[in-house]
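**Student:** Build me a model from this:
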Amino acid sequence: MRPTGLAIWAHRGSHGGRRLENTLPAFEQALREGADGIELDVRASADGVSLVVHDLTLSRLGGDAVPVDARSAAATCAVRLAGGATVPRLGEVLALVAGQVPVNVELKSVAAAWPAARALRPIDDVIVSSFLPEALAAFAAVAPWVPRALLTERTAPAAPPWGALRALGCVAWHAWFPTLTASEVRAATARGYAVRAYTVRHVGHARALAAMGVAGAFVDQPGAMKRRLG
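**Tutor:** You can find the predicted model right below:
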């Protein structure tokens, strides 16, 4: 935790240059840099395995254009991405982290809910998030004890999602940082929700969020952000 009180979470690990997002090297680097938490994305393979990948295909990462949900986990994990990286299973990442820091698991689809729940162990320090209320509801139906967060990307003057947060039993609100105001953060905190902001790339924005009372920021390079914050 920083002196500012703002926890720095590694957004898809610590990545950039030759180190690809959502890969074991990115998560290993995030731990070395002292990240306060790790954020990752999951999708379900055709055979119901939770895979750590953001996009529906691997094209952007130097792989192929076959949808992740259209083939087996083994087939997807065998694809070599740029620099030789591969897609990890959620269980591999959780074993790597092994309780060192909390992990934010973002569900990219409703289908990802059950495989993600099946990969979790009672000892895992995990919060599950999604932009999709239906994905959070599906996850809550099978693993109601795991804390949940709603992700939002609002456009002004949309109101805070108090009703959705309450209906989904969330403990946190994860918001796109430019949409947050100090009054909203205070209101969320008063309602018992931790507020975290994504994706923060400039130290000035991080300082402003800390001043608002935001609990955490998702950043691409946690070590560099922590050094700048001091």
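**Student:** so residue 144 touches residue 169, yeah?
**Tutor:** Yes. The criterion here is Cβ atoms under 8 Å, and residue 144 meets it with residue 169 at 7.5 Å. The way it works is simple: take the backbone N, C-alpha and C, and place the C-beta from them, glycine included.
**Student:** Residue 197 pairs with what?
**Tutor:** Taking DSSP bridges as the rule, residue 197 bridges to residue 175, residue 217.
**Student:** and it, how many neighbours?
**Tutor:** Number of residues near residue 197 (other Cβ atoms under 10 Å) recorded here: 28.
**Student:** Let me know the pLDDT of it.
**Tutor:** We have a pLDDT of 98 for residue 197.
**Student:** From the contact counts, what lies against the strand ranked longest in the chain?
**Tutor:** Counting residues, the longest strand in the chain under DSSP state E turns out to be strand 37-44. Judged by 3 or more Cβ pairs under 8 Å, 6 or more residues apart in numbering; DSSP states H and E, strand 37-44 is in contact with strand 7-11, helix 24-32, strand 50-52, helix 90-97, strand 103-107, helix 113-119.
**Student:** relative to helix 90-97, how tilted is the second one?
**Tutor:** Spelled out, that is helix 24-32. Here the directions of helix 24-32 and helix 90-97 differ by 30 degrees (axes from the mean of the first three to the mean of the last three Cα atoms, to 10 degrees).
**Student:** Adjust the sequence numbering to begin at 177 for everything that follows.
**Tutor:** All right, first residue 177 from here; so that's helix 200-208.
**Student:** Contacts for helix 200-208, please.
**Tutor:** If you take Cβ atoms under 8 Å, 6 or more residues apart in numbering as the criterion, helix 200-208 is touched by 186, 188-191, 195-196, 214, 216, 261, 264, 268-269, 272-273, 276-277, 398-399.
**Student:** Weed out the non-buried ones from these.
**Tutor:** Using 16 or more other Cβ atoms under 10 Å as the burial test, these include 186, 188-191, 195-196, 214, 216, 261, 264, 268-269, 273, 277, 398-399 as buried.
**Student:** what about dumping the CA coordinates of stretch 235-243 to CSV?
**Tutor:** Only the C-alpha atoms of stretch 235-243 are listed here, as CSV (Å, rounded to 0.1, in the frame of the first residue of the first chain):
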residue,chain,number,x,y,z
SER,A,235,-4.6,-12.0,-33.0
ARG,A,236,-3.6,-8.8,-31.2
LEU,A,237,-0.9,-10.8,-29.2
GLY,A,238,0.7,-12.3,-32.3
GLY,A,239,-1.4,-15.5,-32.3
ASP,A,240,-4.2,-16.6,-34.6
ALA,A,241,-7.8,-15.6,-35.2
VAL,A,242,-9.6,-18.7,-33.8
PRO,A,243,-12.0,-17.8,-31.0
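**Student:** Run the chain-centre distance for it.
**Tutor:** 21 Å (Cα atoms, centre = their mean, to the nearest Å).
**Student:** do the same with stretch 333-347
**Tutor:** For stretch 333-347, the distance to the chain centre is 18 Å (Cα atoms, centre = their mean).
**Student:** And for stretch 253-270?
**Tutor:** Here stretch 253-270 is found 17 Å from its chain centre; the criterion is Cα atoms, centre = their mean.
**Student:** Next: stretch 326-333.
**Tutor:** On Cα atoms, centre = their mean, the centre of stretch 326-333 falls 16 Å from that of its chain.
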